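Student: structural data only, the sequence is not supplied:
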């Protein structure tokens, strides 16, 4: 009985702790920022980390090979990350920021190739190769099934002595016709 009371008390303390944490967290999120007076300048919007990471995820490091900006640790990438945050704070969209870096470093800075122009031809090769491999696999499977079925029919056919005798006689006649003998 003593063990039951202890476990019930521990569960009650855990539930109470979670309830207190939820109340504190909801009170912290309910706070609103102070209102801006009507004549005051508009504050600069601060970009969230999620917005900045979303843009950084779409960019590649201009020096590394296929390393995204959000995981690269070079100094140039740190500078690019700061530019992303500054431009987001100024209200630029993610496409405008990506376009800025694309004009500066070229299209290789994009993590995902746009599906237009020559890139569309590249994507077509991949799709065409997959279709060709699927067709080749289907033809190979069909051929294997056909040969397996023919082997099964050949081994399952009952032997007919009269038919075998006819086949042997036809073969002898054919060989006699081809080789008429000495003259």
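Tutor: It's in. Not measured: the values here are computed from a predicted model. Numbers count the residues shown, from 1 in each chain.
Student: show the subsequent helix or strand relative to the helix or strand hosting residue 129.
Tutor: Using DSSP states H and E, residue 129 maps to helix 118-156. Per DSSP H and E, the first helix or strand lying C-terminal to helix 118-156 is helix 161-178.
Student: what mean pLDDT does that following helix have?
Tutor: In this model, helix 161-178 carries a mean pLDDT of 76.
Student: next: stretch 65-82.
Tutor: Mean predicted lDDT for stretch 65-82 stands at 87.
Student: which parts of it are buried?
Tutor: 69-70, 72, 77, 80-81 (16 or more other C-beta atoms under 10 Å). The way it works is simple: take the backbone N, C-alpha and C, and place the C-beta from them, glycine included.
Student: with these in mind, which one is nearest to residue 53?
Tutor: Nearest to residue 53, judged by C-beta to C-beta, of the buried residues of stretch 65-82 is residue 70 at 5.7 Å.
Student: secondary structure of the closest one: a helix, I assume?
Tutor: No: judged by DSSP: H, G, I helix; E, B strand; the rest coil, residue 70 forms no part of a helix; its state is coil.
Student: list the contacts for it?
Tutor: Shown in contact with residue 70 (C-beta atoms under 8 Å, 6 or more residues apart in numbering): 53, 56-57, 81.
Student: of those, buried ones?
Tutor: Looks like the contacts of residue 70 have 56, 81 buried, using 16+ other C-beta under 10 Å.
Student: secondary structure and distance to residue 140 for the contacts of residue 70 - can I get that in a markdown table?
Tutor: Below are the contacts of residue 70 laid out as a markdown table (DSSP: H, G, I helix; E, B strand; the rest coil; distance: C-beta to C-beta, whole Å):
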| residue | secondary structure | distance to residue 140 |
| --- | --- | --- |
| 53 | helix | 46 |
| 56 | helix | 45 |
| 57 | helix | 41 |
| 81 | helix | 51 |
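Student: export the contacts of residue 70 to a markdown table and tack on distance to residue 106?
Tutor: Output for the contacts of residue 70, formatted as a markdown table (distance: C-beta to C-beta, whole Å):
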| residue | distance to residue 106 |
| --- | --- |
| 53 | 23 |
| 56 | 18 |
| 57 | 19 |
| 81 | 19 |
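Student: report the two of the contacts of residue 70 separated the most.
Tutor: Maximum pairwise distance in these, criterion C-beta to C-beta, is 11.4 Å, between 57 and 81.
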